[in-house]
Each structure stands twice: as C-alpha cells, then as structure tokens.
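Participant: need coordinates for the following:
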Amino acid sequence: MDTSDLKENLERSIERVKKIGKKISDVIIEVKENISYNFYDYVDDYGDYTFEEKEFNEVDNVILSMLTYIDYSGLISGDSKDKKSLYTVSKEFFSTHNKSYLKEVIIPTKVGIKLLEKISSKRRYRDILVFNYLYKGDANSQFSACTFDLGNKTYFIGFEGTDTLISGWEEDCKMAYTFPVEAHILAKKYLRKYTFKNVRLIIGGHSKGGNLALVSSMYTNFLVRWKIKKIYSNDGMGLRDKQINSRRYRRIENKFTRIIPDSSIVGLLLRHNNKYEVIKSNMPGLISHDTSTWQIDRNSFTRTKLTRFSRVFDDGFTKWLDNYSDEERELFVKEVFDIMRENNIETLMQFTTNYRLIFDVLKSSKKLSPVVKNMAKDLIMVISQTNLEYPLFK
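Facilitator: Prediction:
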C-alpha cells in the first residue's frame with residue numbers, strides 16, 4: 001500500500017469517526033431532552049435547605065465527588081488551616097476561566113464545573129469550606145483529592161476519578177493484576193491526615209475515585225476508621241479477589257455503599273460480590289457513567305434493576321479476565337500503553353485534536369505479541385456480544 005492509499009484510508013477512517021461522534025451527540029441530545037429530574041434539578045429544589053434542615057444524602061455525595069475533577073491549582077491550598085468557602089472558590093475560578101474552557105476538558109470535569117457554578121450561591125453549599133487540595137500527575141500515576149468541611153464537625157473527603165492523563169488510565173488497568181497501585185498508596189496517606197481530628201468522616205468518589213474511597217477506608221488505621229460514618233463508591237471499579245474477601249473489607253462493609261447506573265460498565269469491573277445499589281440513568285452503556293444522567297426521586301436516586309446489557313458485559317468481562325494470569329494481564333497492559341507512549345500520547349485530549357493518532361495507534365498495534373493479540377481479540381468478542389444485547393447504533 002503506497003502513501004496515497006494510506007492517506008485515503010486515513011481520511012475515510014476520520015470521516016467514519018466523525019459520523020460516529022455525530023451519532024453519539026444526537027443520542028445524548030435526544031435522551032437529555034427527556035430527562036425528568038437530575039442533580040441540577042435537585043440543587044434547585046434543595047439548595048435553600050442547610051444540612052441541619054435536610055441531612056446530607058447520597059445525591060450530595062455525588063455532587064461533591066464531581067467537584068473533585070476541577071483543577072484547583074492556585075485556588076485551594078494543601079494546608080489544612082487554609083480553608084475557602086465554595087462561594088469564594090467559585091468566584092475566583094470563574095474570574096480566570098470562561099465558557100470556552102469547557103471545550104478543553106473531559107465530561108466529568110465539565111459536570112464538576114457546571115455544578116460549582118450552580119451550587120456556589122445556594123444556602124446548602126455556599127459556606128462549605130474546601131481545603132487540603134492535592135494533585136499528583138506524572139508518567140506513573142494520577143491522583144487528586146480535597147476535603148469539604150460541611151459544618152457540625154463533619155468532613156466529606158472526595159477522591160477524583162481518572163482525568164485525561166494516559167498514566168491514570170494505565171494505572172486503572174494495573175488494578176487488574178496488582179495491588180496496591182500508586183494512587184491507592186496516596187489515598188491511604190491522604191486519609192490518615194485525619195487520625196487526630198475530632199470529626200465525623202464521609203468518604204466518596206466517582207469512578208476511580210470511588211475505588212480509592214473504598215481502598216483508603218479499608219486500609220486506614222482504627223482511629224480514622226472509627227470516625228468514618230459512610231463510604232460511597234459512585235460507579236467505581238471493584239477489587240481483586242484477595243481484597244474483597246479480606247477481613248479489611250468485611251469490617252467496613254456495613255458503612256459502604258456502591259452506586260451504579262443500570263447500564264453500568266465501569267462499576268462492574270473487577271470483583272464486587274453483586275452488592276450494589278442500581279439506579280436509573282437515561283443513557284445507554286458507557287455514557288451512563290455520566291452522573292448528570294442519573295435520575296432522582298426527591299432526595300435519593302431512582303432505584304431500578306441492572307439491564308441485560310450490563311449483566312452480559314459483567315459475565316463476559318469477568319470470564320475474559322479469569323482466563324488469563326496476572327502475568328498475562330500485565331503484558332497486555334504494558335504493550336497497549338507502550339503503543340501510546342511510542343506515539344507520544346500523554347492525554348486523551350490529544351485524540352480529539354488529532355484524528356491521525358487513531359490511525360497511528362492502529363498501525364502500531366501490529367507490533368503486539370501473539371499473546372496480547374489473542375487477548376485483544378477475545379476482549380473485542382466480549383464487547384461485540386454485549387453490543388448485540390444493546391446496540392448503541394442501529
């Protein structure tokens with residue numbers, strides 16, 4: 001195949017990607033027009049009640065968890081004594097960020113920014129004090145957390161999910177074959193800051209952040225564990241066999257709530273013992289990971305049953321993972337992300353600004369070892385079978 005053929009194939013591939021993107025946008029617009037009640041509506045209805053008047057609930061947990069996706073560098077200190085109200089944080093953030101900034105961030109960050117703008121003037125949220133902001137992102141790991149002082153000696157500790165860094169996505173995949181990963185270690189260290197604080201703790205996070213909330217609570221010291229009143233994992237990944245069957249998990253299990261949308265994918269990764277609260281989302285498949293699509297009945301999420309789509313995926317992915325040893329899983333992750341590094345891909349946003357990268361990655365995939373190629377083929381079969389149950393595109 002000569003250069004002109006390659007160019008022609010690339011252009012055709014780009015057009016197909018654009019068409020798929022347009023279809024996704026059409027689906028999102030069509031479904032969101034029919035959304036009955038989500039957390040933006042909840043803020044409108046409950047925003048004038050303090051936590052003393054209407055106690056902190058699972059919806060508030062998701063709202064604060066999404067705020068952790070925002071980059072607070074220069075706004076919130078890592079000092080526990082240097083606290084700012086959400087009202088002040090919002091005012092300072094929007095003085096330096098305009099609407100065009102939303103085009104440069106991923107969906108969870110967009111949701112967090114929109115929530116910050118909406119809640120910062122509400123009586124329920126405006127006086128919440130934010131502090132102890134920590135972000136670490138490098139070639140090996142990605143981690144962020146901050147603490148929200150709700151008043152009445154109660155703190156909500158929120159862990160960020162995966163952002164745009166490829167290293168963060170690789171770290172997520174590493175959870176399939178090793179424990180702990182670097183983010184787990186950082187989360188445990190962060191939570192232990194509150195060993196000698198006379199406060200009640202609520203721990204939460206979305207996606208990877210939910211996994212960090214769970215793991216840090218499992219492995220903290222008894223003084224912190226005694227202070228923890230509730231742990232939330234909002235569509236967060238599960239654990240490996242050894243950890244979920246451990247004494248550490250059992251001793252915090254009664255405080256732990258795993259919330260997943262009815263078409264969940266992320267929340268069903270790894271082991272979860274089928275213990276979760278299934279809630280209604282108005283989006284199919286992976287897009288249901290977007291918390292702004294989660295439906296609410298007054299002050300709690302609408303309960304429902306897991307879709308066949310998610311059950312088929314859960315069964316297929318679990319069997320796929322169980323077919324391979326930790327060494328094979330490690331090889332799979334290493335080779336796939338080596339391709340990313342070979343093409344100088346450091347963030348997901350690079351794909352949105354340079355479609356050629358998709359072609360470059362596919363071209364580089366020819367270098368994968370036979371074992372990894374076979375694993376990839378089997379995984380594609382799992383995804384294909386799941387899609388037959390609930391096709392996104394008809």
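Participant: mind showing which ranges of the stretch 151-300 of the chain have poor pLDDT?
Facilitator: Judged by pLDDT under 70, the stretch 151-300 of the chain has no weakly predicted residues.
Participant: just list whatever residues bridge to the nearest residue to residue 227 once chain neighbours are set aside.
Facilitator: Among residues not flanking residue 227 along the chain, residue 201 sits closest, at 4.7 Å (Cβ to Cβ, 6 or more residues apart in numbering). All C-beta spots, glycine's among them, are computed from the backbone N, C-alpha and C. Beta bridges link residue 201 to residue 155, residue 228 when assigned by DSSP bridges.
Participant: separation between residue 201 and residue 68?
Facilitator: Noted for residue 201: a distance of 15 Å to residue 68, by Cβ to Cβ, to the nearest Å.
Participant: more crowded one of the two?
Facilitator: Counted by other Cβ atoms under 10 Å, residue 201 and residue 68 do not tie: residue 68 has more neighbours, with 26 against 23.
Participant: doesn't residue 161 lie inside a helix?
Facilitator: No: using DSSP: H, G, I helix; E, B strand; the rest coil, the assignment for residue 161 is coil, not a helix.
Participant: who's in contact with the residue nearest to residue 57 when sequence neighbours are not counted?
Facilitator: Spatial nearest neighbour of residue 57, chain neighbours left out: residue 299 (5.2 Å); criterion: Cβ to Cβ, 6+ apart. Residues near residue 299 by Cβ atoms under 8 Å, 6 or more residues apart in numbering: 42, 46, 54, 57, 59.
Participant: let me see the contact set for the second one.
Facilitator: The one in question is residue 46. Going by Cβ under 8 Å, 6+ apart, residue 46 touches 54, 124, 299.
Participant: which pLDDT value belongs to it?
Facilitator: Looking at residue 46, its pLDDT stands at 95.
Participant: how near is it to residue 95?
Facilitator: Residue 46 is 27 Å from residue 95, where distance means Cβ to Cβ.
Participant: the fourth one too?
Facilitator: Distance of residue 57 to residue 95, given as Cβ to Cβ: 31 Å.
Participant: and residue 172, by the same measure?
Facilitator: From residue 172 over to residue 95 the distance is 34 Å, taken as Cβ to Cβ.
Participant: neighbour count for the two, which is higher?
Facilitator: More neighbours surround residue 172 than the other of residue 172 and residue 95, with 21 against 8 (other Cβ under 10 Å).
Participant: from what I see, that one and residue 210 are in contact.
Facilitator: No: at 11.8 Å, residue 172 does not count as touching residue 210 under the criterion of Cβ atoms under 8 Å.
Participant: what's the domain layout of the protein?
Facilitator: 3-20+318-389, 35-306 (automatic domain parsing).
Participant: mind putting these into a markdown table with distance to residue 312?
Facilitator: Below are those laid out as a markdown table (distance: least, Cβ to Cβ, whole Å):
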| stretch | distance to residue 312 |
| --- | --- |
| domain 3-20+318-389 | 5 |
| domain 35-306 | 10 |
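Participant: which one of these is the most hemmed in?
Facilitator: For the domains of the chain, the largest average neighbour count (mean count of other Cβ atoms under 10 Å) is found in domain 35-306, namely a mean of 19.
Participant: Provide a list of residues in contact with residue 324.
Facilitator: Taking Cβ under 8 Å, 6+ apart, we find residue 324 in contact with 332, 375.
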